[in-house]
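A.B. asks: sequence? don't have it. structure:
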């Protein structure tokens, strides 16, 4: 491990689009602190999540593996016990990994039970935290319905005097309207209300403070090396933000939607199923966009301000030069673009993420921008390499980004992949297909993006001539489009053929035993002389 | 569960070709007891293993899952802890599953250690036995080199007076030559010697007796229902058999090899790599074939005689009408056909297995022969259904054969698949390719068999016009061959896209939550009225 580069601060925002930071080109939303981080590190222009939905995306990022490999293909599908995450791998090389905030991990209680593992044991608890040690786990969705009702953040708010049963819901994610009536941030109409909480007590600064507390404790105790996963639950809905952020942006700051009438008339059953769904019809409305986008921008701006606070504190406390800092997201948010809301499909608004990596090591690029295709599963092996651990290719399907970060390679792969299981989505209800067929895959190369849709024609975009992805060439007769469809489909096939569960032996083992039989097992030798002629001295003891 | 049909006797031979039984057409090897079983049950003409090599094939059969799913792609690659096998699934519905003989299971010690599971605990022990409870585990390869040196069978032989360190090797698998010199059955030259053990003490009758002991104990104690996996280690090499079987067959009973000069001149790198290897060159020799095939036939004949003994005993003891009996193998043996030895590739000599199922239930077919494509992974879900258990499609990738057995369906699938990882094989050494690329897949439909070879052209056989698989149409310009290649390759692609690790929720869960959000989570509702208009009464408590 290089001297003075011993820790990793791995920051993730939730549902943050790649283009809602000024370093990625947003014209009205200025994020100087993240821009400065990018200026001191590398900013990635083609970073994609492996599934554009919280749980699966995170399970991929944390395990360094694709959805098809770990099997947690949708929110609420537990990650199978026995799947190892970055915290598990790093622990084996002496690195402590803690979670401060959200993971969306759902433990595999049936698997634990079947294997006789006590959920309260160290193994059980780390499984429940997806390999991290919990410092302050907070998945950030706490409606009044028994859904993770008692996070530490609620206890914190109660200590500050918010003595309601669920201050997360009633204060941090609600506002008071002009008549003083309490209105829930779950409803889009109220997204312009100020959240009923002082900004300093809201969830983003709270989590930032908690990460600082972890780092201060580790520094005071001499602990380390460590990886701290600071994982915000914003700008994910409920879209509501405390003053001064609630009216920092207004309808005039809302960019025009990226969409076309041709899209709305699409004949693609899956795309049509989505844009016809209640959720997408809602988010495509202009009045909705004008309510939620300013709040979304305020939530992002708040994160950037907290980044400024955090980075200053790290510099003041001697942590800046020791720490690799990664800033990214788990997926984007359509915000009405392409007549869509939420995420799910593979347009850049959804599947592309901001990714900034400031690598403190000598030789790391400063201020560079990379167009290399990067997958979020690359982070786990990058951390493994950063901490000096041996690669784990029989577990990790991502690639160590170090060569990119140090300017030693222009790219690591020709294709990036993402997957989506829409078995539970209204689009499947509309289509009426079998859940086994409710599957989508993205294949992205330097120029093209293909969506392979089980049972239907693909969608295809030429990202060079059509960066807004408005012209679906999935059924185009143009030779270039047909060639791209064939090539990207073949790449998907090659990808599906790869090993992904051959965990119990590393690649070295296969090379070590190449051409050998187990000790004492003789296959196809005629007699003792034949064996000797093969240069072998072994024969069964007589 | 149907009355009087409560148990399963699941018998597996090791390395038994499909065509070395008289009911499958062997002209010289008469196997009347297995023929009678077939006459009382169903015989399958197109049953394929999911990998033509002991360990992976068995891991597939026992887990009901493909290699690519469980990851134990070659002998010695441990089955990952947490993979559930038929014994585990059956235990949950109150069925005891015991192993008498071979499984080839290698436990995942690193995985057990990582999860804090004591290998000596019940969970650890069952993992080591691939989900079975051990009654008498014996993997049957015990050379004098520390390779599982102390099976119960060796202790049994010592009790019978064979006081050598390893009587399995020195007596049961060795013979005395004309000069009284002890010769190892590992050497092919000595395959015609009588094994130096009385037939009654040899491994096949020993294992048969042990199965009878299990059944008698279960009957005496009133235990049940049970599944007994009687798993012989023969006719697998060492090819040597005790009297009277050692000279029951001679060179005159050896069928001509199925092979052509065109095959030997193949340009296919993988096939060529195999047939040029030492092992295959050895088994392709006429003198080798004349030594080993009579011994192989004797070993099969001995199994059939033991089947006669076993079935009579079961009838005498009231176990016949209660018990589903399955007889199959884990893969075949080229025995010099196609210039090959051993197994590994997908010719019928290797990948096709005999499969006889006598289903005692009312409505089951008697004496029928099925041409349906069957995979060995179908057995686990068939047993699950037999015992009245709910299907487990999120674990099992095979299909319950009951509809075939009861004449209610002519087929269950259009394609059968098999896989092979030759990363450790001399053919890879000859080719020099990367281990990730040392991969083969078989796709078989009712007429054609395709071998998809990573990095190389496919091999293709028309099983109707060329049942001996001598004419490789993998590069043929004939339209029918080109169409078959395209169709079977597309089927492989479709297969690789299927879910195979989405274990932690069953399919019902996905249908149950279709179109729903988690409790209390409201997405895309404008306000309280909008929610009410959607017919929902829930709103966050105020």
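C.D. replies: Thanks, I have it. Not measured: the values here are computed from a predicted model.
A.B. asks: only C-alpha atoms from now on, for both contacts and neighbour counts.
C.D. replies: Fine.
A.B. asks: so what's the spatially most central residue of chain A up against?
C.D. replies: With distances taken as C-alpha atoms, centre = their mean, the residue of chain A nearest its centroid is residue A:330 (3.0 Å). The neighbourhood of residue A:330, defined by C-alpha atoms under 8 Å, 6 or more residues apart in numbering or on different chains, consists of A:12, A:13, A:14, A:15, A:16, A:49, A:52, A:53, A:54, A:57, A:58, A:353.
A.B. asks: report the buried members of those residues.
C.D. replies: The neighbour count (16 or more other C-alpha atoms under 10 Å in any protein chain shown) marks A:12, A:13, A:14, A:15, A:16, A:49, A:52, A:53, A:54, A:57, A:58, A:353 as buried among those.
A.B. asks: distance of the fifth one relative to residue B:502?
C.D. replies: For residue A:16, the distance to residue B:502 equals 27 Å [C-alpha to C-alpha, to the nearest Å].
A.B. asks: among the contacts of residue A:330, which ones are in helices?
C.D. replies: A:54, A:57, A:58 (DSSP state H).
A.B. asks: now do the SS call for the residue in the stretch 301-450 of chain A positioned nearest to chain B.
C.D. replies: Closest residue of the stretch 301-450 of chain A to chain B, C-alpha to the nearest C-alpha: residue A:424 (4.0 Å). Using DSSP: H, G, I helix; E, B strand; the rest coil, the structure places residue A:424 in coil.
A.B. asks: per-residue confidence at the nearest residue in space to it that is not next to it in sequence?
C.D. replies: Spatially, and ignoring its direct neighbours in sequence, residue A:424 is nearest to residue B:514 (4.0 Å; C-alpha to C-alpha, 6 or more residues apart in numbering or on different chains). In this model, residue B:514 is scored at 95, pLDDT.
A.B. asks: in the host helix or strand of residue A:484, what counts as buried?
C.D. replies: Following DSSP states H and E, one finds residue A:484 within helix A:479-497. Buried residues in helix A:479-497, counting neighbours by 16+ other C-alpha under 10 Å, are found at A:481, A:484, A:485, A:488, A:489, A:491, A:492, A:493, A:495, A:496, A:497.
A.B. asks: how much space between the third one and chain B?
C.D. replies: Applying C-alpha to the nearest C-alpha, to the nearest Å, the value for residue A:485 to chain B is 15 Å.
A.B. asks: next one: that residue from residue A:375, what distance?
C.D. replies: Separation of residue A:485 from residue A:375 (C-alpha to C-alpha): 21 Å.
A.B. asks: ok, stretch A:184-195 near chain B or not?
C.D. replies: Yes - using C-alpha under 8 Å from any C-alpha of the partner chain, stretch A:184-195 comes into contact with chain B via A:184, A:186, A:187, A:188, A:189, A:190.
A.B. asks: highest neighbour count among those residues?
C.D. replies: Most neighbours among the residues of stretch A:184-195 next to chain B, by other C-alpha atoms under 10 Å in any protein chain shown: residue A:184, with 30 neighbours.
A.B. asks: dump the residue contacts of it.
C.D. replies: Residue A:184 neighbours (C-alpha under 8 Å, 6+ apart): A:169, A:170, A:173, A:174, A:175, A:190, B:540.
A.B. asks: could you redo the last one with a cut-off of 7 Å?
C.D. replies: A:173, A:174, A:175, A:190 (C-alpha atoms under 7 Å, 6 or more residues apart in numbering or on different chains).
A.B. asks: quick revisit: using the three-state scheme, assign the residue nearest to residue A:424.
C.D. replies: What three-state DSSP gives for residue B:514 is coil.
A.B. asks: quick one: it from residue B:79, how far?
C.D. replies: With C-alpha to C-alpha as the criterion, residue B:514 and residue B:79 are 34 Å apart.
A.B. asks: the two: who's more crowded?
C.D. replies: Neighbours per residue (other C-alpha under 10 Å) separate residue B:514 from residue B:79, with residue B:79 holding more: 29 against 18.
A.B. asks: just the pLDDT at the nearest residue to that one once chain neighbours are set aside, thanks.
C.D. replies: Residue nearest to residue B:79 in three dimensions, not counting chain neighbours: residue B:72, with 5.2 Å by C-alpha to C-alpha, 6+ apart. Residue B:72 carries a pLDDT value of 97.
A.B. asks: residue B:72 reaches residue A:501, doesn't it?
C.D. replies: No - between residue B:72 and residue A:501 there is no contact under C-alpha atoms under 7 Å: 8.1 Å.
A.B. asks: related to what we said a few turns ago, ok, so of the contacts of residue A:184, who is nearest chain B?
C.D. replies: Nearest to chain B among the contacts of residue A:184, counting by C-alpha to the nearest C-alpha, is residue A:190 at 7.8 Å.
A.B. asks: tell me the SS of residue A:372?
C.D. replies: Following three-state DSSP, we place residue A:372 in the strand state.
A.B. asks: OK, contacts around it?
C.D. replies: A:46, A:410, A:411 are the contacts of residue A:372 under C-alpha under 7 Å, 6+ apart.
A.B. asks: report the contact partners of the residue nearest to residue A:398 when sequence neighbours are not counted.
C.D. replies: The shortest distance from residue A:398 to any non-neighbouring residue, by C-alpha to C-alpha, 6+ apart, is to residue A:378 (4.2 Å). By C-alpha under 7 Å, 6+ apart, residue A:378 lies in contact with A:64, A:398, A:399, A:400, A:401.
A.B. asks: can you say which helix or strand has the closest residue to the fourth one other than its chain neighbours in it?
C.D. replies: Read that as residue A:400. Using C-alpha to C-alpha, 6+ apart and skipping residues adjacent in sequence, the residue nearest residue A:400 is residue A:382, 4.1 Å away. Element membership for residue A:382 (DSSP H and E) is helix A:379-386.
A.B. asks: thinking again about what came up before, what's the closest of the buried ones among the contacts of residue A:330 to residue B:437?
C.D. replies: residue A:49 (26.1 Å; C-alpha to C-alpha).
A.B. asks: which pLDDT value goes with the closest one?
C.D. replies: Residue A:49 is given a pLDDT of 98.
A.B. asks: narrow the contacts of residue A:184 to those in helices?
C.D. replies: Judged by DSSP H, helices contain none of the contacts of residue A:184.
A.B. asks: wouldn't residue A:374 be in contact with residue A:45 here?
C.D. replies: No - Residue A:374 is beyond contact range of residue A:45, at 8.6 Å (criterion: C-alpha under 7 Å).
A.B. asks: more neighbours, the two?
C.D. replies: Applying other C-alpha under 10 Å to residue A:374 and residue A:45 shows that residue A:374 carries more neighbours, namely 29 against 20.
A.B. asks: and the more buried one, what does it touch?
C.D. replies: Counting by C-alpha under 7 Å, 6+ apart, residue A:374 touches A:46, A:47, A:48, A:416.
A.B. asks: pull the contacting residues for the second one.
C.D. replies: The contact partners of residue A:47, taken as C-alpha under 7 Å, 6+ apart, are A:352, A:353, A:354, A:355, A:373, A:374, A:375, A:376.
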